[in-house]
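Student: Prediction below, plus the sequence it came from.
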Amino acid sequence: MTDSFLPFQQLIDPGRALRILRDATDGADDGELFLERTRSESLVFDDRRLRNAGYGAAQGFGLRAVRGEVTGYAHSTDISEAALRDAADTARLAVGAGGGIMAPAPGGPGPALYQGLDPVQGIDFAARVATLRDIDAYARDLDPRVVQVTASLASSLQEIAILRPEGGIVTDIRPMARLNVSVIVESNARRESGSAGGGGRHGLSALMDPAHWQGLVAEALRIALVNLRAVPAPAGVMDVVLGPGWPGILLHEAVGHGLEGDFNRKKASAFAGLVGTRVAAPGVTVIDDGTIPDRRGSITVDDEGTPPARNVLIDDGVLLGYLQDRQNARLMGVDPTGNGRRESFAHAPMPRMTNTFMLAGNDDPAAILSGLDDGIHAVGFGGGQVDITSGKFVFSCTEAYRVKNGVVGDPIRGATLIGDGATSLQHVRGVGNDLKLDPGIGNCGKQGQWVPVGVGLPTLRIGGLTVGGSAA
């Protein structure tokens, strides 16, 4: 156990940590000690100069004891025996008089999905700054209408160890890297912006290759120029065709959160109690898969020690199950799905998505668009709001087009999509054969916690969405 306890064995003896954890969870249903060390760096190049250079480091532990629906959780940045004993006293309050039966141990980590290397390894500071400077110059040279460029590089490395009361321990080293480019263009006193970026669980070197970032600059400029000629969006109830890839964020928010176990155990979701029933149109299959190599949402092990899985949530329109952490799975009488995630050692785990997407169908994307008589084609999304209980959502489009008689026309600005997840799934009228995953930009918030995620979607036609716009 000692070797696998690295890099924490120099701070606390693993044998003593195990004894303290067992005292804290004696008579509990579940619990664990979660140790974490994280390093992060970020560079922002803006207005032709390095605007910000940041470095952060943190470490700590979280100790949890669970009995029934009650959770005792304590955390500290001080990884020491004294701090651990204090945390155990707090967590122990959830156990009370005891009487619980410890849940079976998780299966341990799955296959390694990424190399546990520092993303900046072999890349010095000057090289990173030079890449950002090159991006700025390249973007300005592409088009004289470019008046502002912002480019950023970010990376992090998270090391974790999870100690279980039965003595099992699992570890993971999780890298993350991202490059983002934003441009502002101006023409005839009108300014518009566009952005592109992405990354994943790998190093920065691939992102710094000119063959990669030049494509991002071109895409950011394309979006900005599209917005420059956009006209006001129409308003009304109409069919909407979602583009592949990042528009899957609508699926993530409007449907994915409603399929998380805690909301359904508490009957706070529009999908509560519907397992085995049809909740979507035929041809709609929704997957959450934490086992895809190098993706932002992928994990070799979740934050409770359970290996991730490819979980089929909706199969051909029929709801098969929910995303589960250990506590909610036990209370609902099902198996954990490898979706117990937390932002950091300072947070208790809860059911969270990993990479959530809809499988491709059999329809030709061009035919889906040509069959749209009157609607919009939405290919980019910004922020959105979702009510989990009702499933109602409001999303803003960052790139969308008017479609009439099957012809894609002018780009539109100011469009919002309004609907509810359960009804939208029932009104799917075409599923393209072009599934695409997002470029690696997703972050998911829930109850104040943020975790990296992935989304994906094929071209999708949904009937009867309300489009909010300002056109007369």
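Tutor: Great, that's in hand.
Student: So which bits of stretch 223-231 are buried?
Tutor: Neighbour counts over stretch 223-231 (16 or more other Cβ atoms under 10 Å) mark 223-228, 230 as buried. In this view, the C-beta of every residue, glycine as well, is placed from N, C-alpha and C.
Student: Throw these into a markdown table and include distance to G338, thanks.
Tutor: As requested, these are exported to a markdown table (distance: Cβ to Cβ, whole Å):
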| residue | distance to G338 |
| --- | --- |
| I223 | 35 |
| A224 | 40 |
| L225 | 43 |
| V226 | 39 |
| N227 | 40 |
| L228 | 45 |
| A230 | 42 |
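Student: In helices, which of those residues fall?
Tutor: 223-228 (DSSP state H).
Student: Going C-terminal from whatever helix or strand A53 lives in, what's the next secondary structure element?
Tutor: Assignment of secondary structure by DSSP states H and E places A53 within strand 49-67. Per DSSP H and E, the first helix or strand lying C-terminal to strand 49-67 is strand 70-76.
Student: In that next one, which residues are buried?
Tutor: 71-76.
Student: Need phi/psi at the nearest residue to L457 once chain neighbours are set aside.
Tutor: The shortest distance from L457 to any non-neighbouring residue, by Cβ to Cβ, 6 or more residues apart in numbering, is to G248 (3.5 Å). Note on G248: its backbone torsions stand at phi -60, psi -10 [degrees, to the nearest 10].
Student: Now do G248, the pLDDT please.
Tutor: On pLDDT, G248 comes in at 95.
Student: Repeat that for T2.
Tutor: 45.
Student: now swap in the one 10 residues further on and tell me
Tutor: Here, the pLDDT recorded for I12 equals 91.
Student: quick revisit: could you dump the ones in helices among the buried residues of stretch 223-231 into CSV with pLDDT and distance to P109 added?
Tutor: Formatted as CSV, those follow (pLDDT from 0 to 100; distance: Cβ to Cβ, whole Å):
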residue, pLDDT, distance to P109
I223, 97, 39
A224, 97, 43
L225, 98, 46
V226, 97, 44
N227, 96, 44
L228, 96, 49
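Student: so how far is G54 from the closest residue to G469 other than its chain neighbours?
Tutor: Leaving aside its sequence neighbours, G469 sits nearest to A233 (Cβ to Cβ, 6+ apart; 3.0 Å). In this view, A233 and G54 are 37 Å apart by Cβ to Cβ, to the nearest Å.
Student: Between these two, point out the one with more neighbours.
Tutor: Per other Cβ atoms under 10 Å, whichever of A233 and G54 has more neighbours is A233, with 20 against 10.
Student: How about the contacts made by that one?
Tutor: For A233, the contacting residues are 376, 397, 400, 412-416, 467-471, by Cβ atoms under 8 Å, 6 or more residues apart in numbering.
Student: Give me the subset of the residues you listed lying in strands.
Tutor: 376, 397, 400, 412-413, 416, 467-468 (DSSP state E).
Student: By neighbours, which of those residues wins?
Tutor: Most surrounded of the ones in strands among the contacts of A233: other Cβ under 10 Å gives A400, at 30 neighbours.
Student: Wait, that one touches D410, no?
Tutor: No - using Cβ atoms under 8 Å, A400 is not in contact with D410, being 10.1 Å away.
Student: Find the least confident helix or strand in this structure, judged by mean pLDDT.
Tutor: Sorting the helices and strands of the chain by mean pLDDT, DSSP states H and E puts strand 374-386 at the bottom, at a mean of 90.
Student: For that strand, output the C-alpha coordinates as PDB.
Tutor: Listed next in PDB are the C-alpha coordinates belonging to strand 374-386 (Å, rounded to 0.1, in the frame of the first residue of the first chain):
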ATOM      1  CA  ASP A 374     -39.100  27.300 -41.800                       C
ATOM      2  CA  GLY A 375     -36.700  27.300 -38.900                       C
ATOM      3  CA  ILE A 376     -33.200  27.900 -37.800                       C
ATOM      4  CA  HIS A 377     -29.900  26.000 -37.900                       C
ATOM      5  CA  ALA A 378     -28.000  26.400 -34.600                       C
ATOM      6  CA  VAL A 379     -24.400  25.400 -34.700                       C
ATOM      7  CA  GLY A 380     -22.900  27.300 -31.700                       C
ATOM      8  CA  PHE A 381     -24.100  27.900 -28.200                       C
ATOM      9  CA  GLY A 382     -23.100  30.100 -25.300                       C
ATOM     10  CA  GLY A 383     -24.700  30.200 -21.800                       C
ATOM     11  CA  GLY A 384     -27.900  28.600 -20.800                       C
ATOM     12  CA  GLN A 385     -30.200  28.000 -17.800                       C
ATOM     13  CA  VAL A 386     -32.100  24.800 -16.900                       C
END
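Student: Neighbouring strands - and their directions - for it?
Tutor: strand 236-242 (parallel), strand 392-404 (antiparallel) (DSSP bridges).
Student: Among those, which comes closest to A422?
Tutor: Nearest to A422 among the strands paired with strand 374-386 is strand 392-404 (9.6 Å), distances taken as Cβ to Cβ.
Student: Okay then, goodbye and thanks.
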